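Visitor: Okay, structure incoming, though there's no sequence with it:
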DNA sequence: TGAAATGTTGGGGCG
DNA sequence: ACGCCCCAACATTTC
């Protein structure tokens, strides 16, 4: 009888720096890699359309890499526990005994709970359960303050993290990996039906290379150039100044240890700007870590404000306003540019995420949960921890939150970070001919300027859905109602 | 990882 | 030469 391991892939869709593969290689046992598509088990946060598009390509890439190692990647769908049980039974019929199921910790509360249930059920059948850490620099239970409590403020969290001796990725003896004598049947990738209907994600392919090679290429490319000017350029949405590694990190095509180690190595470079840039980038990686830890410690914060006072905030849900925001038809060029970039590429520049989120929550008084839902459905880097933390941060109700009265002025943000209007012109083509001076506030432009730019407000491009000063005053008044 | 309102300062024009 | 006013420019506080 052959004794094997099942390597259950989830959000660790990579070969290198994958602890379960290291474990399998070290054991010398045959290993059967499996991916189970079970979107319902994450409900209400089943992956959105953009995420599924990415997942499809990530699986394809992983399948190719495993194949090169002589391993299959079995694709199945349905209830995770049932699929695993079926596999165990089928293999037993072929004289193969599954000794253990290997995987990596998941940090979304529902999935962690699902894993716990699976672990208990499998234990009942005498199967061992082994989990490693593929997704975080440090497990949440190792990052507590001096009173043994989780950090709620980023800066002390960051100060602790950067002083930790983080383990660099360990090389894996890939030659030791081999498949079992019998490999059960797999679904084809297309049978998982991850790709959306024709048309919608057309722009994604032009923007992204969602493969494992693409992941490493993106990391190398970022660290060999843009990171040098990261401190300032990351705020300019018209530039490729950010790393754009978020989707790779979400699906585990890159692990945080790999990224951390690579950026650390770049910090030994001689130039000061490179060092500062690398440090600023590590800090962003620490925000990702902070978000995961917070959702782990406060598992209700995907739907409920961390600060309970905000449960009584007088939101004014309005489907029409939300739709204008989603479609990029608010009349504020920077906001609309961001929302259209999101729709067309499954991604939005980080600074613009803050601007559009602030606009929805403060100018339009829409619940942050509705904004989070839209991001969830349209971002290909949608990550529950980052998304929840980010929205709560903007809304003022989360950990280390931006004070509620910190209200972005979309015109000033535009003039400051997109001074020439290049970003707006790219994503809001109907404003392409507007001169710099009015690109962020076309309603201020004289009739002759509008005419020359071929813009008829209310027809080619909307009037602002709210007036900034009034909206700002209304938001501050709404805040009063929960702070008195 | 704001913005706006308000306060302060200092240079220059001018009587 | 001096005081007065205006108003950038910058700093502080308030939302």
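Guide: Thanks, I have the structure now. Note that the structure is a prediction, hence the values are computed from the model and not measured.
Visitor: what's the helix or strand for residue A:248?
Guide: Counting by DSSP states H and E, the element that carries residue A:248 is helix A:246-250.
Visitor: so what's residue A:275 closest to, chain neighbours aside?
Guide: residue A:267 (5.2 Å; Cβ to Cβ, 6 or more residues apart in numbering). From N, CA and C alone the C-beta is placed, and that goes for glycine too.
Visitor: So that neighbour versus residue A:350, what's the distance?
Guide: Separation of residue A:267 from residue A:350 (Cβ to Cβ, to the nearest Å): 21 Å.
Visitor: what about the two, which has more around it?
Guide: residue A:350 (19 against 16; other Cβ atoms under 10 Å).
Visitor: can you tell me which residues contact the more buried one?
Guide: Counting by Cβ atoms under 8 Å, 6 or more residues apart in numbering, residue A:350 makes contact with A:234, A:242.
Visitor: if you look at the helix holding residue A:248, does any of it touch DNA strand B?
Guide: No: contact of helix A:246-250 with DNA strand B (Cβ under 7 Å from any atom of the strand) is absent, the minimum separation being 12.2 Å.
Visitor: neighbouring contacts of that helix?
Guide: A:11, A:51, A:54, A:208, A:210, A:214-215, A:218-219, A:253-256, A:259, A:288, A:346-347, A:380-383, A:386.
Visitor: among the residues you listed, which are in strands?
Guide: Among these, none falls in strands (DSSP state E).
Visitor: Mind giving me the PyMOL select for these, buried ones only?
Guide: Only the buried members of the contacts of helix A:246-250 end up in this PyMOL selection, burial being decided by 16 or more other Cβ atoms under 10 Å:
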select buried, chain A and resi 11+51+54+208+210+214+215+218+219+253+254+255+256+259+288+346+347+380+381+382+383+386
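Visitor: The stretch 201-350 of chain A: strands as residue ranges?
Guide: In the stretch 201-350 of chain A, no strands are defined using DSSP state E, counting those that start in this stretch.
Visitor: Looking at it, what residue ends up closest to DNA strand B?
Guide: residue A:287 (5.2 Å; Cβ to the nearest atom of the strand).
Visitor: which residues sit in contact with that residue?
Guide: Contacts of residue A:287 (Cβ under 8 Å, 6+ apart): A:154, A:386, A:389.
Visitor: again, only using 7 Å
Guide: For residue A:287, the contact set (Cβ atoms under 7 Å, 6 or more residues apart in numbering) comprises residue A:154.
Visitor: Repeat that for the one 10 residues further on.
Guide: The neighbours of residue A:297, taking Cβ under 7 Å, 6+ apart as the test, are A:140, A:150.
Visitor: what bits of chain A have low per-residue confidence?
Guide: Across chain A, residues meeting the criterion (pLDDT under 70) sit at A:198-199, A:201, A:270, A:484.
Visitor: Flag every residue of it that's near DNA strand B.
Guide: So far as Cβ under 7 Å from any atom of the strand goes, chain A lies against DNA strand B at A:154, A:235, A:284, A:287, A:350-351, A:354, A:402-403, A:405-409, A:412-413, A:416, A:468, A:472.
Visitor: Could you list which of these also contact DNA strand C?
Guide: Answer for the residues of chain A next to DNA strand B near DNA strand C (Cβ under 7 Å from any atom of the strand): A:403, A:405.
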